[in-house]
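J.: what follows is a predicted protein model with its sequence.
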Amino acid sequence: MQLNSPPLQRTCLIGRNTFAVSKTILGVLLLSSLSACSLFNTWLPGSGPIRGDVGSSNNLSLQADPNAPTVQLIDVTERVLREINQSKKRSEFANLFQAVPANRNIVGPGDVLEVNIWEASPAMLFGSTSSASLSIVNASTSKATTLPEQMVSLDGIISIPFVGTIKVSGKTTQDIGTEITAALKGKANFPQVLVRMTRNTTSAVTVVGEVNTSQLIPLSPKQEKLLDVIAASGGVKQPINKITIQLARNGEVHSMPLESVIKDPKQNIPLTSGDVITAYFQPYSFTALGATGQNQEVTFEAQGISLVQALARVGGVQDNRADARGVFIFRFEEPEAVPEEAKRGIKTAENKVPVIYRMNLTDGSAFLTAQNFAIKNKDVLYVSNASSVELQKFLNILVSAVYPIVNVGNIAAGN
């Protein structure tokens, strides 16, 4: 460029040179971007991994050892769906809890007993009315005496006049009556004894939670069932389809929707002493992340919802961001619910198998499968960004870097 050239010619030359430099810089950066495509998600901001990165061993291995087991990535197919649904059947009360023996009203510590003694006339032991603690009912041929109620001690004993202490724990009321009758023979005149349990605390179940009256409910030889004790507690406070029933027995704890128990009589199982029934209101939730309409934790009904319903509740997938081939559900699954090949993966201390289910929603038939894929409690629903979104982010960075250079050139050209 000649310094003594006219001003207009100098300006044009500066502008052309600046534009050429800008094109060169932009070209170099674009070529660099092509070689850096695989590194997009490592240094560009984002809501999570892109589709190709979910399932790679580098991301999913929980140990430095390259031979360590990895979290299993499972494509949702009809076969996988059948195995999951079969596992759901096995988690029903009727399959989880064994049949219990009939309740025989076995006496235990804490129970309260009433003892009635009949003695033929003339009464030899229990005919006197001088004792204020005895209630005497006169009859033509016999007299009935009702002893004060007694609570069975921690040692399992009660006291009977003219008999002394007797062991009653572990026996039925009929057995106790027979034993007292035998002890009174030779002392009373043709004694007959009737023992009645007025307060049953050991052969009982506990009902708590979203019921109208939380209480201890005694069991009878009728063999009360799950719905019987819920009804005896006044029913549930919330709508039936939003209530989950948890049953704890002998260290095992399992849950089912109340609506399922009502619809399937087999799930209305008989109860046994010590059972704890807890009614929860809408205790389930899943978390939606990534390219969904809303990133949030969403509660859902006890009866459960499908993947299609879950997506609808978070506003679906974002049309300008989402990769419909990359819809993932992260879950700690029961071992029997996953395919055999996935059982070789990692297991948690609770014997759960961490898995990632993948759904390709670009296939129209996948929506039918998604209607039968049930979302479980604590699931994480993640929709990945499309690769073009990551490229757009990178190009925006390039433009923001190149624009000041071009702007400087334009200013120089203007001068």
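T.: Perfect, I can see it now.
J.: which residues in the protein form helices?
T.: 7-35, 40-43, 57-60, 78-90, 93-96, 173-184, 226-232, 258-263, 307-313, 366-372, 387-414 (DSSP state H).
J.: hey, least reliable of those by pLDDT?
T.: Mean pLDDT values for the helices of the chain show the minimum at helix 57-60, a mean of 44.
J.: residues contacting the residue nearest to residue 235 when sequence neighbours are not counted?
T.: Counting by C-beta to C-beta, 6 or more residues apart in numbering, residue 212 is the residue found nearest to residue 235 once chain neighbours are left out, at 6.0 Å. (Each C-beta comes from the backbone N, C-alpha and C, glycine too.) Neighbouring residues of residue 212 by C-beta atoms under 8 Å, 6 or more residues apart in numbering: 233-237.
J.: next one: residue 255
T.: 244-247, 280.
J.: per-residue pLDDT of the residue nearest to residue 179 when sequence neighbours are not counted, please?
T.: Leaving aside its sequence neighbours, residue 179 sits nearest to residue 166 (C-beta to C-beta, 6+ apart; 6.2 Å). On pLDDT, residue 166 comes in at 95.
J.: now do the buried residues in stretch 91-108.
T.: Neighbour-count burial for stretch 91-108 flags 92-93, 96-97, 103, 105-108 (criterion: 16 or more other C-beta atoms under 10 Å).
J.: before we move on, what about stretch 201-209?
T.: Those would be 201-207, 209, for stretch 201-209 by 16+ other C-beta under 10 Å.
J.: figure out how far stretch 213-225 is from the centre of its chain.
T.: Centroid separation between stretch 213-225 and its chain, computed with C-alpha atoms, centre = their mean, to the nearest Å, is 26 Å.
J.: quick one: buried residues of it?
T.: Buried residues in stretch 213-225 (16+ other C-beta under 10 Å): 215, 217-219, 224-225.
J.: got a markdown table for those residues, with pLDDT and distance to residue 116 too?
T.: Listed next are the buried residues of stretch 213-225 as a markdown table, based on pLDDT from 0 to 100; distance: C-beta to C-beta, whole Å:
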| residue | pLDDT | distance to residue 116 |
| --- | --- | --- |
| 215 | 95 | 28 |
| 217 | 94 | 26 |
| 218 | 92 | 20 |
| 219 | 92 | 23 |
| 224 | 94 | 26 |
| 225 | 95 | 31 |
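J.: quick one, strands of the stretch 251-400 of the chain?
T.: 252-257, 276-281, 284-290, 296-300, 305-306, 322-333, 353-359, 374-375, 380-385 (DSSP state E, counting those that start in this stretch).
J.: on that earlier part again, quick one, phi/psi of the residue nearest to residue 235?
T.: phi -70, psi -30 (degrees, to the nearest 10).
J.: any idea how far residue 236 is from it?
T.: Taking C-beta to C-beta, to the nearest Å as the measure, residue 212 falls 8 Å from residue 236.
J.: any residues in contact with both of those two?
T.: By C-beta under 8 Å, 6+ apart, no residue touches both residue 212 and residue 236.
J.: what ranges do the strands span in the stretch 51-200 of the chain?
T.: Under DSSP E, counting those that start in this stretch, the stretch 51-200 of the chain gives strands at 72-75, 112-120, 135-138, 142-146, 150-151, 157-160, 164-167, 192-199.
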